[in-house]
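Undergrad: could you look at this predicted model? Sequence included:
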Amino acid sequence: MDENLVLDLENLDRLLEEVNMEARRFLSSLHNRPAAVAPSAKATLELPQSGLGARRALKLFLERYEQEMGGSSGPRYFGFVVGGATPAALIGDWLVSTFDQNLSQQGSSGAPGVELETLRMIRQLLRLPEDFSGSFVSGATMSNFVGLATARQWTALRAGVNVVSDGLYGIKPIQVLSASPHSSVLKCMSMLGMGRKNWLKIECLPNRETMNVSSLQSHLEALAGETCIVVASAGTVNTGDYDDIERIGALKQKYSFWLHVDGAFGGLVACSPKLAHLTQGMELADSIAIDAHKWLNVPYDSAIQLTRHQDVQYDVFKNNAAYLDTRRNQPAFADLGPENSRRFRALPAWLTMVAYGRSGYQEIIERNCELAQVLGGRIEGSDTFKLLAPVRINIVCFTLKRSGGGPSQEEVRTFLDRVREDGRTFLTPTLYNGTPGIRAALSNWRTTTSDVDMAWSALMEVAQAMSS
Ligand SMILES: *Cc1c(COP(=O)(O)O)cnc(C)c1O
């Protein structure tokens, strides 16, 4: 055995204590650490001929990179839609590597049973019926991928083609009807050979990102019985807008389509009685995508795909191999998604849901939404910024106020670069109805009123410095 391996094994307890101390140091700095950092240029490291051992390797890593680990899991990182890690989720994630289970097959560990139990709790959190089954995947992009791959098979079968065996060669393009799909939906259409251009854009209601359902109905009518896929958004990234899932779902009585709901972050509002009206009808979906690494505040990477067509999903993803045991009722997770070998991704989600329960999540989600309202109110009352859309949930979409039109994209970029350099908060740009804008997404369990105050001061100070 390599000498360093021998020594590291002997000193494993001490190593774990040291790394524990480093982790604590990082976590206690989270509140004051820059929300985001631009990496510095440095000479790249070469693979050493003989290694340094874990302790010196860790030291070297920290020297080179620790300063560049931004506080994206801290309370004032409002870019994209980024959650944090609750204490229970964090310890769960540590244990995932400690236990190092492979969740592809059943029969050699209790871990797959824990994944099933976690999925059950997710259904309960979202108040979804028992007939939704699913699995953990790496992110909502993969949840959308599994949903759309299953939808593709189901839809093609209705046109008389089994694409699992025959491919898409003998079939007309499958239309995907959606108003404001997340970019990952189009990426999935590319990955699945369905073609990005087969997105049929349904118009939105005026000044909204929500689908005009009458327009959807006209398009379904025009398809004259041809089966298609409808992708509904439960929380758009720009403005946190929702499609009317209940009305869309009701159209399944009359038209033949697969309904996929992308609820990557916005689906979670189903756990709040105050906000659950937004996701009403989600149970009518054929498949649903939910991220765990966003509003569930589980560390990267983690998401859930749900469907009520496990048989079709199994046909798409089954991984028949002679060395695998196929005697079972519950299909192996390797037969339900793109990955074969899989980490014990469900454990952090299990721990955090058990640790904080329904009420804990309701509180996080409602607090994030209330704080987004606070920020929105400040913007509305200011001469420096203006809202581009009403604050519906946890997303604030706004821009720099300019007399006669909006700011240029360049101005917004410069402003956001300076905000990042300031370090107190981090926000990302967008384009909303052709206007260059800024998004703040509040999805971290740590965020409180004082964080919003601090972020607001940073935004005002940077804007003032820029205009003087
Ligand atoms: C974030 C997001 C995705 C993609 O999720 P990843 O976790 O980044 O793969 C898809 N849809 C929506 C609505 C999102 O917000």
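TA: Okay, I see it.
Undergrad: what sits against residue 392?
TA: Listed by CB atoms under 8 Å, 6 or more residues apart in numbering, the contact partners of residue 392 are 239-242, 278. C-beta coordinates here come from the backbone N, C-alpha and C atoms, glycine included.
Undergrad: tell me the secondary structure at it.
TA: Of the three states, residue 392 takes coil under DSSP: H, G, I helix; E, B strand; the rest coil.
Undergrad: give me the pLDDT for it.
TA: Looking at residue 392, its pLDDT reads 98.
Undergrad: give me phi/psi at it?
TA: Backbone torsions for residue 392, taken as degrees, to the nearest 10, come to phi -100, psi -50.
Undergrad: residue 164: how many residues sit nearby?
TA: Other residues near residue 164 number 16, with proximity taken as other CB atoms under 10 Å.
Undergrad: up against the ligand, what does the stretch 1-150 of the chain have?
TA: Proximity of the stretch 1-150 of the chain to the ligand is confined to 81, 139-141 under the rule CB under 6 Å from any ligand atom.
Undergrad: selecting buried members of those in ChimeraX, what would you type?
TA: Buried residues within these, as defined by 16 or more other CB atoms under 10 Å, are selected in ChimeraX through the command that follows:
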select :81,139,140,141
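Undergrad: dump the helix or strand hosting residue 415 to PDB, restricted to CA.
TA: Using DSSP states H and E, residue 415 sits within helix 409-422. In PDB, the C-alpha atoms belonging to helix 409-422 read as follows (Å, rounded to 0.1, in the frame of the first residue of the first chain):
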ATOM      1  CA  GLN A 409     -27.300  45.700 -20.900                       C
ATOM      2  CA  GLU A 410     -23.800  47.100 -20.400                       C
ATOM      3  CA  GLU A 411     -24.900  49.400 -17.500                       C
ATOM      4  CA  VAL A 412     -26.600  46.500 -15.800                       C
ATOM      5  CA  ARG A 413     -23.500  44.300 -16.100                       C
ATOM      6  CA  THR A 414     -21.300  47.000 -14.800                       C
ATOM      7  CA  PHE A 415     -23.600  47.600 -11.900                       C
ATOM      8  CA  LEU A 416     -23.700  43.900 -11.000                       C
ATOM      9  CA  ASP A 417     -20.000  43.500 -11.300                       C
ATOM     10  CA  ARG A 418     -19.600  46.300  -8.800                       C
ATOM     11  CA  VAL A 419     -22.100  44.700  -6.500                       C
ATOM     12  CA  ARG A 420     -20.100  41.500  -6.600                       C
ATOM     13  CA  GLU A 421     -16.900  43.400  -5.800                       C
ATOM     14  CA  ASP A 422     -18.600  45.000  -2.900                       C
END
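Undergrad: ok now it, how far from the chain's centre?
TA: For helix 409-422, the distance between its averaged C-alpha position and the chain's averaged C-alpha position is 25 Å (CA atoms, centre = their mean, to the nearest Å).
Undergrad: about what we covered before: what's the closest of the contacts of residue 392 to the ligand?
TA: Minimum distance to the ligand across the contacts of residue 392 is 9.7 Å, recorded for residue 240 (CB to the nearest ligand atom).
Undergrad: OK, contacts around the closest one?
TA: By CB under 8 Å, 6+ apart, residue 240 lies in contact with 266, 391-395.
Undergrad: what do you get for residue 416?
TA: Residues in contact with residue 416, defined by CB under 8 Å, 6+ apart, are 427-429, 438.
Undergrad: just to check, residue 365 is in contact with residue 273?
TA: No. The pair residue 365 and residue 273 fails to qualify as a contact (CB atoms under 8 Å) at a distance of 11.1 Å.
Undergrad: tell me which of these two has more neighbours.
TA: Between residue 365 and residue 273, residue 365 has the larger neighbour count (other CB under 10 Å), namely 24 against 10.
Undergrad: which helix or strand contains the more buried one?
TA: Secondary-structure assignment from DSSP H and E places residue 365 in helix 346-380.
Undergrad: and the residue of the stretch 251-400 of the chain closest to the ligand?
TA: Using CB to the nearest ligand atom, the point where the stretch 251-400 of the chain gets nearest to the ligand is residue 264, with a distance of 3.2 Å.
Undergrad: isn't that residue up against residue 303?
TA: Yes. Counting by CB under 8 Å, residue 303 is a contact partner of residue 264 at 7.5 Å.
Undergrad: of the contacts of residue 416, keep whichever come out buried.
TA: Neighbour counting over the contacts of residue 416 (16+ other CB under 10 Å) leaves 427-428, 438 as the buried ones.
Undergrad: next up, the contacts around the residue nearest the centre of the chain.
TA: To find the centre residue of the chain, average its C-alpha atoms and take the closest one (CA atoms, centre = their mean): that gives residue 291, at 3.9 Å. In this structure, residue 291 makes contact with 81, 83, 139-140, 143, 264-265, 302-304, judged by CB under 8 Å, 6+ apart.
Undergrad: beta-bridge partners for it, please?
TA: Beta bridges link residue 291 to residue 303, judged by DSSP bridges.
Undergrad: is stretch 338-347 in proximity to the ligand?
TA: No. Applying CB under 6 Å from any ligand atom, one finds that stretch 338-347 is not in contact with the ligand, the shortest distance being 12.5 Å.
Undergrad: list the buried residues in that stretch.
TA: 339-340, 342-347.
Undergrad: one more: stretch 84-101?
TA: By neighbour count on 16+ other CB under 10 Å, the buried set for stretch 84-101 is 84-86, 88-90, 92-94, 96, 101.
Undergrad: among those residues, which ones are in helices?
TA: When the buried residues of stretch 84-101 are checked against helices using DSSP state H, the ones located there are 88-90, 92-94, 96.
Undergrad: CA atoms only: put stretch 124-141 into CSV for me.
TA: What follows is the C-alpha trace of stretch 124-141 in CSV, where atoms were taken according to Å, rounded to 0.1, in the frame of the first residue of the first chain:
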residue,chain,number,x,y,z
GLN,A,124,-46.4,14.5,1.5
LEU,A,125,-44.6,17.8,1.6
LEU,A,126,-46.1,18.7,-1.8
ARG,A,127,-49.5,17.1,-1.0
LEU,A,128,-49.2,14.9,-4.0
PRO,A,129,-51.1,11.6,-4.3
GLU,A,130,-49.4,8.2,-3.6
ASP,A,131,-49.5,7.2,-7.3
PHE,A,132,-46.5,9.4,-8.1
SER,A,133,-43.3,7.4,-8.0
GLY,A,134,-39.9,8.8,-8.7
SER,A,135,-36.2,8.9,-7.9
PHE,A,136,-33.4,11.3,-7.0
VAL,A,137,-31.4,12.8,-9.8
SER,A,138,-28.7,15.5,-9.9
GLY,A,139,-30.8,18.5,-10.7
ALA,A,140,-34.0,19.8,-12.2
THR,A,141,-32.4,19.6,-15.7
